[in-house]
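**Student:** Fold the following, please.
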Amino acid sequence: MASLTELFGEELLGKAGPVKTSDALAGKKNIMIYFSAHWCPPCRGFTPQLAAKYKSFAADQNIEIVFASSDQDESQFNSYYGEMPWLALPFSNRSLKETLAQKFECKGIPMLVVLDDKGNLVTADGRGKVDEFLRAGGGGGGGGGPSASLAGLFGEELLGKAGPVKTTDALAGKKNIMIYFSAHWCPPCRGFTPQLAAKYKSFAADQNIEIVFASSDQDESQFNSYYGEMPWLALPFSNRSLKETLAQKFECKGIPMLVVLDDKGNLVTAEGRGKVDEFLHAGGGGGGGGGGGSSGTSPCCVIS
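**Tutor:** Predicted coordinates:
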C-alpha cells in the first residue's frame, strides 16, 4: 500500500469526509483515476454512465475510482463531486493532480486510467474499456473472468515441464503473468535466462507469478534444448503464429524482453526485464526490490 500512498498522498476525500488512502484502497484489485471537470460537456455525459456502472459492479469486483478534478474552483468541484459515488483527490492539492496528469500523460478529459493493486498502469484507455472492468461477471474480456481472457491471449494449451497443460488451469490464481521473449542464439538472452530462472525458483510461487516463454529459436530442436533450462511454461513451438501475434501486440523488437501482465491479461509493463526485482524478490509486490534496473539497459538482440 506504500506505493499507492505515494501516488495519491496520505488522505483522499470520501463521501463522508477525509479518509486514509491506505484504508480506502486496501484490498482493491484495480484503482481507476478519473480525470474530469464539470465545465467539460463530454465529462458531464460520461460521469453518470460511469457512476451507474460503479454503483452496480465496483464493490463485487474490488474496484475503486479516484476523481482528479480539473474544475476551475472548489465550488465547482464540490458541486460536481456531489454527483459521484467514489473517492476524490482533495481539490486543494492541485500539485498532486498535476503530477498525476503528467505521469499518465493526460492531454484531454474525460480520461480514465486503470491501475493494478500496486499502482502500476494497466491501461490509460479505461474510458474505452470500462465494460471490461465494471460489468456483470467482472474480469476484462468476454464475461468469463480472468482465465477466459488469458486463454484468448495464450491459446487453449501451454507447454509445461511435464507436457501440455490447459491455459485456464496453469494460470488460475496468478496475480501476474510474464511473457518471456527469448532465444538461445541470442547471447544477452543466454545471460539473462539463468538469472531469471533463479529468481523464479526462489520467489514466483510465493508471489503467484507465472512466466510463459515465447521462443524466437530457429527450430524446434533449439527450442527444446533451451526450454530445458527453464522452470516455467512455454508457448508450444509449433504455434508460430501465436508467438508472432504476441510479439506484435506487445511491440517486441528485441530480445530478451519480459512483458508483465495482470491477472486479466492487461499490460502492467513492457519493461519487466528492467523491473524484474519489483515482481520477483523477497517480500513480493512491485516497487523497490532493488537491483533490477541494470538489466533493462543491457544489450539485446534485434528481431524482425
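**Student:** what about the strands in the stretch 1-150 of the chain?
**Tutor:** Taking DSSP state E, counting those that start in this stretch as the test, the strands found in the stretch 1-150 of the chain are 11-14, 17-20, 30-36, 63-69, 87-88, 111-116, 121-123.
**Student:** got those as a markdown table, with mean neighbour count, mean pLDDT and distance to Ala204 columns?
**Tutor:** All C-beta spots, glycine's among them, are computed from the backbone N, C-alpha and C. Converted to a markdown table, those look like this (neighbours: other Cβ atoms under 10 Å; pLDDT from 0 to 100; distance: least, Cβ to Cβ, whole Å):
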| stretch | mean neighbour count | mean pLDDT | distance to Ala204 |
| --- | --- | --- | --- |
| strand 11-14 | 20 | 97 | 33 |
| strand 17-20 | 12 | 96 | 32 |
| strand 30-36 | 24 | 96 | 22 |
| strand 63-69 | 23 | 97 | 26 |
| strand 87-88 | 21 | 98 | 33 |
| strand 111-116 | 23 | 94 | 17 |
| strand 121-123 | 20 | 90 | 21 |
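**Student:** Which among those strands is found nearest to Ala172?
**Tutor:** Nearest to Ala172 among those is strand 111-116 (18.0 Å), distances taken as Cβ to Cβ.
**Student:** now what about that closest one, what contacts it?
**Tutor:** Strand 111-116 is contacted from outside by 7, 29-36, 50, 104, 106, 121-127, 129-130, 133, 262, 266, 268, using Cβ atoms under 8 Å, 6 or more residues apart in numbering.
**Student:** residues contacting the nearest residue to Phe67 once chain neighbours are set aside?
**Tutor:** Nearest residue to Phe67, sequence neighbours excluded (Cβ to Cβ, 6 or more residues apart in numbering): Ala88, at 3.9 Å. Applying Cβ under 8 Å, 6+ apart to Ala88 gives the contacts 12-13, 66-69, 77, 81.
**Student:** The same query, at a cut-off of 10 Å, please.
**Tutor:** Each residue near Ala88 by Cβ atoms under 10 Å, 6 or more residues apart in numbering is listed here: 12-15, 34, 65-69, 77-78, 80-81, 97.
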